[in-house]
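S.K.: Generate a structure from the sequence data that follows.
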Amino acid sequence: MILLRFTFRNHRSFRDEAVFDLTRSPLKKRLSPPEGTRWADHIHHVDGVYGANASGKSNLLDALHYALIAIKSSASTWLGAPEFPRAPFALDPTRLGDPGEYELEFVSRGRRYDYRFSADTEGICDESLKVVGKQRWTTLLRRTRDGKVSRVGGLARVARRELALSRAAEMDHEALAPIRRDLVEGFDVYRVGDREVRARLARIVDLLVEGGLEFDELVALARIADTGITRIRVEEHEAPEEVRRVFRAFIQQMQGNAQESTNADGAPDQQTEAEDARLAREFIARNLAFTHGRKGADLRERDESTGTMAWLALGTAVLDALRNGRVLVVDELGAALHPDLSRIIVDWFEDPDVNATGAQLVFTSHDMSLMGAGSGERDKREQVWLVEKDAEGASELVNLGEFALQPKSNVPKQYLEGRFGAVPYTVPSLIHSLLERKGE
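M.R.: Numbers count the residues shown, from 1 in each chain. Okay, here's the model as predicted:
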């Protein structure tokens, strides 16, 4: 998966159109790479988004996440929601009903696609999917507000609240299902916060148990960050048999199918034993345990440092993206991490020897120096994005490449000085009035 461009409008703090372009100059006016080159030669493998607190940085990532979730869930779980999920610009009541618009330009399996849709309070307004054929766009799917679908064999109409691409995937459509699958599986959105870390750690445990991740690989990640961890294992704690039986009986009663679950001799029947086995698997609590140093001192997951857990959670996502050529989207890169670790991650995505799959990293941060940490001498101005709110509270997205800068400009210093905007205009002197008020 390669993300070329993401365009959206009317999503959270973004009222007007915002264009997040990850292509380099040669590709901006071409539909395909120049002869003898690859897509990976003409895209950014790292893009950083900067701005003050509450400027809307995270809302850019949220818009991308919303579009991907709509593609994944609009024909399934979203259909049961009481209202159609959406997040319009809320500071202008007259525009709350305006549709949100989302457009993804991407490369999947060597072909360039353009997928767009818009949605209002009632559901999907329009939708289209195009692909580049012989140097021109060809429409693969078109859908209207009333649910009529054209150019897709076997799919003439969809519900108002579902995307045709999502419905086609549910039908296992031969041409469209793989495109939808690549979009859903080609991105990994890493949200900031403890909840995300806990969810990622739980996933790590599952991968270790299922064999999708090796223990020595996780130890290697821990060693990269100098955590002192020498061994990692999974602890399992099984619920007592009596607890499982009580829970099984409760489930049967709730489902209205409680029945005698023993044979004539009082022994459990085969169905009961199978259910007990299933509950046994579900009632196993699994946690990571870590061995430190030569003396083999052990710490459980809850006793490890926040930074170590954050590194393992994000590090496994980075490893997965680099191995599989995914687009990793990280909100607040560097949260709970030492700056050196954040720079290492940026370096990995910039280094073609490490990033052989062409994976991409998109992140928000306040550390402008990260964009100067990648290997090589490429101009990184086009890889830096700034978000700032106007007087009406609407976020605007600007590329650093739009500013006239000298070749040896100290961009991090100029950014902190406010030369490009996207920094807070703080009023620290107000602390005096707050302290005086406390003393009254």
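S.K.: Quick one: low-confidence residue ranges for the stretch 51-200 of the chain.
M.R.: Across the stretch 51-200 of the chain, nothing is flagged by pLDDT under 70.
S.K.: Please, where are all the helices along it?
M.R.: For the stretch 51-200 of the chain, applying DSSP state H, counting those that start in this stretch gives helices covering 57-73, 164-170, 177-185, 194-210.
S.K.: winner for burial among those?
M.R.: Counting by mean count of other CB atoms under 10 Å, helix 164-170 has the highest mean neighbour count of those, with a mean of 24. Using the backbone N, CA and C atoms, a C-beta is placed for each residue, glycine as well.
S.K.: Please verify my assumption that Arg233 contacts Ala289.
M.R.: Yes. Under the criterion of CB atoms under 8 Å, Arg233 makes contact with Ala289 at 5.2 Å.
S.K.: that older thread, columns distance to Ala313 on top of the helices of the stretch 51-200 of the chain, output as JSON lines?
M.R.: Output for those, formatted as JSON lines (distance: least, CB to CB, whole Å):
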{"stretch": "helix 57-73", "distance to Ala313": "17"}
{"stretch": "helix 164-170", "distance to Ala313": "29"}
{"stretch": "helix 177-185", "distance to Ala313": "19"}
{"stretch": "helix 194-210", "distance to Ala313": "4"}
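S.K.: how far away is the closest residue to Glu332 other than its chain neighbours from Asp98?
M.R.: Leaving aside its sequence neighbours, Glu332 sits nearest to Val192 (CB to CB, 6 or more residues apart in numbering; 4.1 Å). According to CB to CB, to the nearest Å, Val192 stands 29 Å off from Asp98.
S.K.: OK, contacts around Leu312?
M.R.: 200-201, 204, 218, 221-222 (CB atoms under 8 Å, 6 or more residues apart in numbering).
S.K.: let's see 10 Å
M.R.: 197, 200-201, 204, 218, 221-222, 225, 227, 229, 232, 288, 290, 301, 304 (CB atoms under 10 Å, 6 or more residues apart in numbering).
S.K.: ok, of those, which one's closest to Gly186?
M.R.: Of all those, Arg200 has the smallest distance to Gly186: 18.4 Å, by CB to CB.
S.K.: That closest one reaches Leu319, doesn't it?
M.R.: No. With contact defined as CB atoms under 10 Å, Arg200 does not count as touching Leu319 (11.9 Å).
S.K.: Please name every helix or strand in contact with the helix or strand where Glu436 lies.
M.R.: Secondary structure from DSSP states H and E places Glu436 in helix 430-439. Where contact means 3 or more CB pairs under 10 Å, 6 or more residues apart in numbering; DSSP states H and E, helix 430-439 is not packed against any helix or strand.
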